[in-house]
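In: got a predicted structure plus its sequence, pasted below:
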2 protein chains.
Amino acid sequence: MEPFMYFNPTKLLFGKGQINRLTKEIKSYGNKVLLVYGGGSVKRNGVYDEVTTLLKQAEIDWVELSGVEPNPRLTTVQKGIALCKEHEVDFVLAVGGGSVIDCTKAIVVGAKTNEAVWDIICRKVRATDGLPYGSIVTIAGTGAELSLNSVITNWEQQDKRAWVSSFSRAKFAIVDPTYTKTVPKRQTVYGVVDTMSHILEHYFHQAENTPIQDQFLESVLRTVIDVTPKLLTDLENETYRETIAYASTIALSDQLNMGFIGDWGTHHIDHALSAFYDIPHGGGMAILFPNWMRYVLNDDTVHRFKQLAIQVLGIEFENKTDQAIAEAGINQLETIWTEWGAPKYLSDYDISTEAIDKIADKTIETVLVCGNYYPLSKEDIVTILEKSM
Amino acid sequence: MEPFMYFNPTKLLFGKGQINRLTKEIKSYGNKVLLVYGGGSVKRNGVYDEVTTLLKQAEIDWVELSGVEPNPRLTTVQKGIALCKEHEVDFVLAVGGGSVIDCTKAIVVGAKTNEAVWDIICRKVRATDGLPYGSIVTIAGTGAELSLNSVITNWEQQDKRAWVSSFSRAKFAIVDPTYTKTVPKRQTVYGVVDTMSHILEHYFHQAENTPIQDQFLESVLRTVIDVTPKLLTDLENETYRETIAYASTIALSDQLNMGFIGDWGTHHIDHALSAFYDIPHGGGMAILFPNWMRYVLNDDTVHRFKQLAIQVLGIEFENKTDQAIAEAGINQLETIWTEWGAPKYLSDYDISTEAIDKIADKTIETVLVCGNYYPLSKEDIVTILEKSM
């Protein structure tokens, strides 16, 4: 492994009923809250009522930012920052999935500066401080609650950026898997694919001597592949929801990638793609990842794909070449995802070949290196996108 | 799993050369250090020189507490506290293995109070504050660097207590596996057994629905069992040392027991045992754990032992009863440990049957419950000790 620093001081409160610790946690930081949520699912599933009742009981005052988009937009971040400044907010509470948390990460750093928040997101200006915030997770998948990363879309400029700041670390994350019971089947699949794509990105790294870490990643993948089909026919099952929520939360906790950096090239392509097309991240990853795998599979990389095929995807390996085992694994992963209901082609989202060039340009433009395991050129990205059509 | 909180804000700096971050980390807390170390191995292996050179370069002043015992004693803790108070120390730096770190955990809370530190250790008085401290790990095994736990021996009273305080959390832990290259074979084995015993304690829990966590624990055990024999014939191999150091560090990081509490009964027995007999913890665990396993194996627990036998210990299971598979697994674990050079009987340490009663009494006296997976009575403990003779 490579030398590494692991430092993740977010307090994780996982399990049924952990919401009861909410106001005690908030009160150690402040008494005036910005409550951030999305399109209203938290009102339908009762979490909004539960949270606001607790805030009232604890005499915590709050203002609201609702309507955060599935791919959160800069304009919404700016609204949140304005609310923080106008109302002298001292704590931000994100209630929702990854988009709400990502939006909150940008709000908290923007609220403590007079610089334009987009300049921070584009790394032109460094964040120097951040409001404290916590999250209540209601959709599994993004793992945003224990990570520093955030992705914000500047829709007017058709730009979407993944960025990170040490000031966007949550003080706490409440993950009550029962809150995810009402997530519909399609969003559940997207969440699971998202979690698996995080684990798979970790898995493709160049570090040597990572036997424990590799087995950790394989353990999560095997378990998610085992549990997801059961969950999809029994969406309110709390046991399955718990397993999937746990997998999602630890995937980006930095606990599963100690000593190496995964590839992340496919994530970069999907971010560029969804700067133009407002498609769900999990859907994009289900299409792109198998095609990335096929593209980077060669004599140098085949051992890794073979290991994945055997340890995770149940591929029989006797009397087969390494190449055949690796290919069977990739096909099996794609089959699993499509059987769950994930899309297989970009054309499923009405994205046509004319878009390829601009997506590839945007990908290259927004990152220094597109892929740590296998750095991609623009031509590589074009080919992967062509295969994904 | 059970609802849980995970909160571990210690900054882990793992890998070769991480010592170069030492003084930057210290300087954010203070400029007057108490340097704590053991019997002199850090002087022989060059780590002492490296650390003190860095402190001098950074113009950090220090005083020293040396000679911390393998089972650290209250009298040494008291010396450290006195040094902190006399010299107005503002940061404590532990350089060594678990005993030095455990001693430091008691020093930092004792230095910030006028109460007797033994009263804190015995839970008569609560710690209310602690000096900041960091550790540089030179022996793998105890995992003390990422845990809150500490074990202190009151030799005069023949008492040994495991205790915990939220104020004994390290600010940072530097784990450079190359520092462990000079650990002799016997101590290396004790360290590995200690790490495995932590994982095994976690493994025996009563929570349901922990498929990911169980596989994590099995992954660590399998890897340690694979790597240790190679390491024992090639003690300076940095790759093997790295794997073992990593396993040791994460074992008590709370990352491997999310959602459940392991048994820990065997640890309680060993603590009581070594209150009377100054034997290495890893040696005691190698003797006691297989006998604990045999004692608690029954129709209700056999599924867990069977899983361990198959997933970790390579036991063939076709045409065998669950009981036979479980027993074969326990025997295999004991065989592995003794083949590495760990002791098998308490009589190897000249402990005789007359001691059993007082050890069992001491065990029961110092804990509320002796074992979370399988709570032991005094009679149970007596039987396990008899089998261990």
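Out: Perfect, thanks for sending it. Numbers count the residues shown, from 1 in each chain, chains lettered A, B, ... in the order given.
In: what are the phi and psi values at residue A:36?
Out: Backbone dihedrals for residue A:36, given as degrees, to the nearest 10, come out at phi -110, psi 130.
In: swap in residue A:271?
Out: According to degrees, to the nearest 10, residue A:271 has phi -60, psi -40.
In: gap between it and residue A:163?
Out: Per CB to CB, to the nearest Å, residue A:271 is found 11 Å from residue A:163. The C-beta positions use only the backbone N, C-alpha and C, and glycine is treated the same way.
In: what's the overlap in contacts for the two?
Out: Common contacts of residue A:271 and residue A:163, defined by CB atoms under 8 Å, 6 or more residues apart in numbering or on different chains, comprise residue A:151.
In: contact partners for residue A:278?
Out: So residue A:278 contacts A:69-71 (CB under 8 Å, 6+ apart).
In: by neighbour count, which of those residues wins?
Out: residue A:71 (21 neighbours; other CB atoms under 10 Å in any protein chain shown).
In: secondary structure class for the most far-flung residue of chain A relative to its centre?
Out: In chain A, the residue that sits farthest from the middle, by CA atoms, centre = their mean, is residue A:319; the gap is 38.3 Å. Following DSSP: H, G, I helix; E, B strand; the rest coil, the label given to residue A:319 is coil.
In: next secondary structure after the helix or strand hosting residue A:52?
Out: With elements taken from DSSP states H and E, the one containing residue A:52 is helix A:47-57. Next along the chain after helix A:47-57, taking DSSP H and E as the criterion, comes strand A:61-65.
In: residues in contact with residue A:130?
Out: A:108-109, A:111-112, A:165, A:167-168.
In: if you drop the residues flanking it in sequence, what lies closest to it?
Out: residue A:167 (3.1 Å; CB to CB, 6 or more residues apart in numbering or on different chains).
In: these two touch, right, that neighbour and residue A:108?
Out: Yes. Residue A:167 is within contact range of residue A:108, at 6.8 Å (criterion: CB atoms under 8 Å).
In: okay, these two: which has more neighbours?
Out: Legend: neighbour count by other CB under 10 Å for residue A:167 and residue A:108, higher for residue A:108 (30 against 19).
In: so that one is in which element?
Out: Judged by DSSP H and E, residue A:108 forms part of helix A:98-110.
In: could the contacts of residue A:130 go into CSV alongside distance to residue A:23 and pLDDT?
Out: Shown next, in CSV, are these (distance: CB to CB, whole Å; pLDDT from 0 to 100):
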residue, distance to residue A:23, pLDDT
A:108, 19, 98
A:109, 24, 98
A:111, 21, 98
A:112, 23, 97
A:165, 27, 95
A:167, 24, 96
A:168, 23, 95
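In: which two of these have the greatest separation?
Out: By the measure CB to CB, A:111 and A:165 form the most distant pair in the contacts of residue A:130, at 12.6 Å.
In: who has more neighbours out of these two?
Out: residue A:111 (24 against 21).
In: was I right about the more buried one contacting residue A:131?
Out: Yes. In terms of CB under 8 Å, residue A:111 counts as a neighbour of residue A:131; the distance is 5.0 Å.
In: overlap in contacts of the two?
Out: A:84, A:89, A:92.
In: show me how far the helix ranked longest in chain A is from its chain's centre.
Out: When secondary structure is assigned using DSSP state H, the longest helix within chain A turns out to be helix A:211-232. Its chain's C-alpha centre and that of helix A:211-232 lie 17 Å apart, by CA atoms, centre = their mean, to the nearest Å.
In: check stretch A:124-138 too.
Out: On CA atoms, centre = their mean, the centre of stretch A:124-138 falls 16 Å from the chain's centre.
In: how close does the residue nearest to residue A:130 sit to chain B?
Out: Counting by CB to the nearest CB, to the nearest Å, the separation of residue A:167 from chain B is 16 Å.
In: same deal with residue A:22?
Out: 13 Å.
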